[in-house]
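show me the folded form of this:
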Amino acid sequence: MSYNEIYKKWIDSDIVDENTKNELLSIKDEKEIEDRFYKDLEFGTGGLRGVIGAGTNRMNIYTVGKATQGLALYLLNNYKDQVSVSIGYDSRNMSKEFAEISSLVLCANGIKVNLFESLRPTPVVSYTTRYLGSKAGIVITASHNPKQYNGYKVYGEDGGQVTDKNAGIILECIESLKDFKDVKKITKSKAIEEGLLNIIGEDVDKTYIEKVKSLAIRKDLISKYSKELNIIYTPIHGSGNIPVRRVLKELGYSNLNVVKEQELPDGNFPTAPYPNPEDPKVFKIAMEMAKSLSPDIIFGTDPDCDRLGVVVKDSKGEYKVLSGNQTGVLLTNYILTSLKEINKMPKNGTIIKTIVTTEMVRNIAKDNNVELIDVLTGFKYIGEKIKEFEENNNKTFIFGFEESFGYLSGTFVRDKDAVIASMLVCEMALYYKKKNMSLYDALIELYNKYGFYKEGLTSIELSGKEGQEKIQKVMQELRDDLKDEIDGIKIAKKMDYKLSVEKDLTNDIETTINLPKSNVLKFILEDGSWFVVRPSGTEPKVKIYSSVVGNSLCDADNKFVKFNNTIMSIINSACGI
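Predicted coordinates:
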């Protein structure tokens, strides 16, 4: 069926409401109609994510309802006992409405729902799914995307995001629904009356907060000196405000200053159009506050409070946002050395990172006799490994992180958690403060010991049908036609995660990659630099990750600029840019 035929079907539907029809009828741009209807919004391992609006390729009550009906079929096919689902949502526009639609579709299928009374961080939903013994969890969020986006993330009963196999089965269930008439409905009052809709809140929050506080490592240090740490925090108009402040307050961090202009939830993100702590602009107000407050640490959490950005003062006295890799390296080193010092290092301890995350952490793990494991990009794969460790009882998870500002300690949550990370960063900052060091000083100390690593991410947005075709062209050209050297340095290894093949080009050896298949390519050069190219799973973008190692900060910066420029010229040429 063509996009125009599907568009007309929506206009003529007796299910689609009049406001939605009027929105569609007001569109005069044919390309806009095509983009809204040329495909269904894709359900993948991250669930759904897209621009809010009418159409099959948009986030709206109909696409959310259909996805939820598919999930209901999946759950009823796979579980015979009483099935329940825990649902939460963040501060984005339409999040509450999408959460309620999801709840009522599940209830109409006889599935009990535990729905939070108000917005909550994404990791709290992961925790709640486990805590209440639900067979699945749903959180309505688009994480750090711009305000026009929203999303729908699904957790399995372990509290981890559904990964490839189960996501594929859920997708089959969704695709079996031929019409919105197949989506079951029930009123909210009837769902409550029949005991299918349970509203949850403080009782669950309290148990989560206690679990978070239990992850503090140097409890004596915190007890004695937490009042001395001067903090600036911004929730960036999101869901982190209450839980982050509550955890820190209960641990005694009384000198906590919140950015008032960004304190309250607001799905329009008026002070931060791109509400991503990776973007230094979101910290502009906090940095202005810092001029008079002189904080020891500045940090911010994204709208669903699963990512954490940290700001430190460098050797020139200027505030700079640490990269996700830098914060991850600092936390890894702090956690491992602290556990060793207090004799609490677990047996078979393991750190997990993604394939696009810094290699600097490898030597830190080695120095502490801890194993380091790589997984595909996406925190769902870290959660999957934690589950595997528990089932096999052969490794102990210590810490996991990814370059995109995601960190996790503990196993009661199975997704990145900025509430936990906020607490650990404050503890770490306090520890170094008592040693008369800043976090920047600590980072330079690690660089001097392990090498000056420099990483970066460049994204190329390629929207619509034509954009998707260009992305596929880029991947195919790199897979088949890339030359064997970059700037005169030979490529030593090529990893093709779609074909599950690693080629050692120096020794002409081919091995199998034992990870799930994914359309990702990684190239490692003889000097230790590397780059990765992968299509985004949640946005119309191709992402390019690059890394070099230098002899100093300046050397690393210069090497990175040259290397990244070369890589981008190759990518742009393949894109036809």
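
so where's the protein uncertain?
537-539, 577 (pLDDT under 70).

quick one, longest helix in it?
Ranked by number of residues, the top helix in the chain under DSSP state H is helix 553-575.

hey, C-alpha coordinates of that one in PDB?
C-alpha atoms of helix 553-575 as PDB (Å, rounded to 0.1, in the frame of the first residue of the first chain):
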ATOM      1  CA  LEU A 553      46.600  16.900  25.800                       C
ATOM      2  CA  CYS A 554      47.800  19.100  23.000                       C
ATOM      3  CA  ASP A 555      49.200  16.200  21.000                       C
ATOM      4  CA  ALA A 556      46.000  14.200  21.400                       C
ATOM      5  CA  ASP A 557      43.900  17.100  20.300                       C
ATOM      6  CA  ASN A 558      46.000  17.700  17.200                       C
ATOM      7  CA  LYS A 559      46.000  14.000  16.300                       C
ATOM      8  CA  PHE A 560      42.300  13.800  16.800                       C
ATOM      9  CA  VAL A 561      41.500  16.800  14.600                       C
ATOM     10  CA  LYS A 562      43.600  15.400  11.700                       C
ATOM     11  CA  PHE A 563      42.300  11.800  12.100                       C
ATOM     12  CA  ASN A 564      38.600  12.800  12.500                       C
ATOM     13  CA  ASN A 565      38.800  15.200   9.500                       C
ATOM     14  CA  THR A 566      40.100  12.400   7.300                       C
ATOM     15  CA  ILE A 567      37.400  10.000   8.500                       C
ATOM     16  CA  MET A 568      34.600  12.500   7.900                       C
ATOM     17  CA  SER A 569      35.800  13.300   4.400                       C
ATOM     18  CA  ILE A 570      35.500   9.600   3.600                       C
ATOM     19  CA  ILE A 571      32.000   9.400   5.100                       C
ATOM     20  CA  ASN A 572      30.800  12.600   3.500                       C
ATOM     21  CA  SER A 573      32.100  11.400   0.100                       C
ATOM     22  CA  ALA A 574      30.100   8.200   0.500                       C
ATOM     23  CA  CYS A 575      27.000  10.200   1.500                       C
END
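
and it, which residues are buried?
Residues 556, 559, 560, 563, 564, 567, 568, 570, 571, 574, 575 are the ones in helix 553-575 that count as buried (16 or more other C-beta atoms under 10 Å). All C-beta atoms are positioned from the backbone trio N, CA, C, and that covers glycine.

so the fourth one sits against residue 548, correct?
In this case it means residue 563. Yes - at 5.3 Å, residue 563 counts as touching residue 548 under the criterion of C-beta atoms under 8 Å.

any residues in contact with both of these two?
Counting by C-beta atoms under 8 Å, 6 or more residues apart in numbering, the common neighbours of residue 563 and residue 548 are residue 529.

need the residues that contact the longest helix of the chain.
Helix 553-575 is contacted by residues 447, 452-456, 458, 460, 462, 470, 473-474, 477-478, 482, 486-487, 529, 531, 533, 542, 544, 546-550 when judged by C-beta under 8 Å, 6+ apart.

how about 6 Å then?
The contact list for helix 553-575, computed with C-beta atoms under 6 Å, 6 or more residues apart in numbering, reads 452, 454, 470, 474, 477, 486-487, 529, 531, 544, 546, 548, 550.

can you give me the helices for the stretch 251-400 of the chain?
Taking DSSP state H, counting those that start in this stretch as the criterion, the stretch 251-400 of the chain contains helices spanning 284-293, 324-341, 360-367, 379-392.

from the recorded domain assignment, give the ranges for the chain.
Domain segmentation of the chain under automatic domain parsing yields 39-200, 208-450, 453-575.

related to what we said a few turns ago, what is the most widely separated pair among the contacts of helix 553-575?
452 and 470 (34.8 Å; C-beta to C-beta).

right, and residue 286 touches residue 232 too?
Yes - using C-beta atoms under 6 Å, residue 286 is in contact with residue 232, at 5.1 Å.

and for the two, which residues touch both?
Both residue 286 and residue 232 are contacted by residue 298, under the criterion C-beta under 6 Å, 6+ apart.

make JSON lines out of the domains of the chain and add distance to residue 28.
JSON lines is the format used below for these (distance: least, C-beta to C-beta, whole Å):
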{"stretch": "domain 39-200", "distance to residue 28": "14"}
{"stretch": "domain 208-450", "distance to residue 28": "25"}
{"stretch": "domain 453-575", "distance to residue 28": "17"}
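
of those domains, which is nearest residue 29?
So among the domains of the chain, domain 453-575 is nearest, using C-beta to C-beta, at 11.6 Å.

now do the helices in the stretch 451-577 of the chain.
Using DSSP H, counting those that start in this stretch, the helices assigned to the stretch 451-577 of the chain run over residues 464-481, 553-575.

those: which one's closest to residue 300?
Nearest of the helices of the stretch 451-577 of the chain to residue 300, taken as C-beta to C-beta: helix 553-575 at 24.3 Å.

rewinding a little: would you turn the helices of the stretch 451-577 of the chain into a markdown table with distance to residue 160?
Listed next are the helices of the stretch 451-577 of the chain as a markdown table, based on distance: least, C-beta to C-beta, whole Å:
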| stretch | distance to residue 160 |
| --- | --- |
| helix 464-481 | 27 |
| helix 553-575 | 32 |
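
closest one to residue 216 among the ones you listed?
helix 553-575 (31.9 Å).

in the strand or helix carrying residue 246, what counts as buried?
Following DSSP states H and E, one finds residue 246 within helix 241-250. Within helix 241-250, the residues that count as buried by 16+ other C-beta under 10 Å are 241, 242, 243, 244, 245, 246, 247, 248.

could you say what helices and strands it packs with?
Here helix 241-250 touches helix 202-213, helix 418-433, going by 3 or more C-beta pairs under 6 Å, 6 or more residues apart in numbering; DSSP states H and E.

ranking those helices by burial, who's on top?
Across the helices and strands packed on helix 241-250, the average number of neighbours (mean count of other C-beta atoms under 10 Å) peaks for helix 418-433, which reaches a mean of 24.

next, the angle from that one to helix 202-213.
30 degrees (axes from the mean of the first three to the mean of the last three C-alpha atoms, to 10 degrees).

other SSEs contacting helix 418-433?
If contacts are counted by 3+ C-beta pairs under 6 Å, 6+ apart, helix 418-433 sits against helix 241-250, strand 297-301, strand 308-313.

what's the longest one in contact with?
So that's helix 241-250. If you take C-beta under 6 Å, 6+ apart as the criterion, helix 241-250 is touched by 209, 212, 235, 256, 263, 419, 422, 423.

ok, 8 Å please
Residues contacting helix 241-250 (C-beta under 8 Å, 6+ apart): 120-121, 124, 205, 208-209, 212-213, 231, 233, 235, 256, 258, 263-265, 301, 305, 418-419, 422-423, 426.
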